[in-house]
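> Just to be clear, the model below is a prediction. Sequence and coordinates:
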Amino acid sequence: MDGPREGCESGRIGTLGKRVWGNSPWVRIPLPPPASTDERNVIGDRMGVATDTPESSDHGLSDFDLMGLALEEARLAGEQGEVPIGAVVVIDGKVVARRHNEREQSQDPTSHAELLAVRDAAAAVGSWRLENATVVVTLEPCAMCAGLMVNARVGRVVFGARSYENGACGSLYQLGSDPRLNHEFVTVADVRADECSELLSSYFAGLR
């Protein structure tokens, strides 16, 4: 099986065609093969997400470079026995928060990298409203974390590897562009996806 099928902190690896709980009734979600650049663009359009481009975003630093910072955090997580997922938050061109998973250390099921980073960012700017924030995370956020970004009014989310079991920014759900919710955010997928996937794959291979 190519690449990880690890959901946001799920601790499980998915399988092709596994039954997953989505909208009732149960549905079978086939996992697609790795996509070419053109195919990724089509997938992105269909899911309401943009896909990786070499362009710089409006905060001055490129998404590629910001994902590099998130990968540094992810590697720190792995060294500490955590699932290697990292996140950074950028506001007005400044990195205001950098965190990685801490669920094992804290024994707190909500200690996902992006959730901790968003909390730190809100504390740094003194406001729960983060309309000008870009959250960069190495793995597609789960429903909990994507829901947090809706509630925090985050402006933009960038992620690396897709989570075909628990992803809530395009793979299973798209909370960032659901018109029934009171906020929507821009989503960019597949930034340094291979590096993010390899980090997760290596970590779980070491556990077997």
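Cool, got the structure.
> dump the residue contacts of Cys169.
Contact partners of Cys169, counting by C-beta atoms under 8 Å, 6 or more residues apart in numbering, are 49, 140-141, 146, 157, 159, 175-176, 187, 189. Using the backbone N, CA and C atoms, a C-beta is placed for each residue, glycine as well.
> Show me what the biggest helix by length in the chain is packed up against.
Assignment by DSSP state H gives helix 63-79 as the longest helix of the chain. The helices and strands touching helix 63-79, judged by 3 or more C-beta pairs under 8 Å, 6 or more residues apart in numbering; DSSP states H and E, are strand 86-91, strand 94-100, helix 113-125, strand 133-139, strand 156-161, helix 193-207.
> Could you export these as TSV, including mean neighbour count?
Listed next are these as TSV, based on neighbours: other C-beta atoms under 10 Å:
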stretch	mean neighbour count
strand 86-91	27
strand 94-100	20
helix 113-125	22
strand 133-139	31
strand 156-161	28
helix 193-207	17
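> pLDDT below threshold where in the protein?
Within the chain, the stretches with pLDDT under 70 are 1-59.
> Show me the residue sitting in the middle of it in space.
With distances taken as C-alpha atoms, centre = their mean, Glu140 lies nearest the centre of the chain, 2.7 Å away.
> you'd agree that residue is up against Arg162?
Yes - counting by C-beta atoms under 8 Å, Arg162 is a contact partner of Glu140 at 5.1 Å.
> Overlap of the contact sets of the two?
Counting by C-beta under 8 Å, 6+ apart, the residues touching both Glu140 and Arg162 are 170-171, 189.
> By neighbours, which of those residues wins?
Tallying neighbours with other C-beta atoms under 10 Å puts Gly170 at the head of the shared contacts of Glu140 and Arg162, with 27 neighbours.
> Indicate which one of the helices and strands packed on helix 63-79 is closest to Leu181.
strand 156-161 (13.9 Å; C-beta to C-beta).
> I'd like the distance from the helix or strand just after the closest one to the chain centre, please.
Once strand 156-161 ends, the next helix or strand along the chain (criterion: DSSP states H and E) is strand 186-189. Put simply, strand 186-189 sits 9 Å off its chain's centre (C-alpha atoms, centre = their mean, to the nearest Å).
> What strands line up against strand 186-189, and which way round?
Using DSSP bridges, the strands paired with strand 186-189 are strand 50-51 (parallel), strand 156-161 (parallel).
> With distance to Gly78 as added columns, please give those in CSV.
Formatted as CSV, these follow (distance: least, C-beta to C-beta, whole Å):
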stretch, distance to Gly78
strand 50-51, 26
strand 156-161, 14
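> Out of those, which is closest to Leu71?
Here strand 156-161 is closest among the strands paired with strand 186-189 (C-beta to C-beta), at 7.9 Å.
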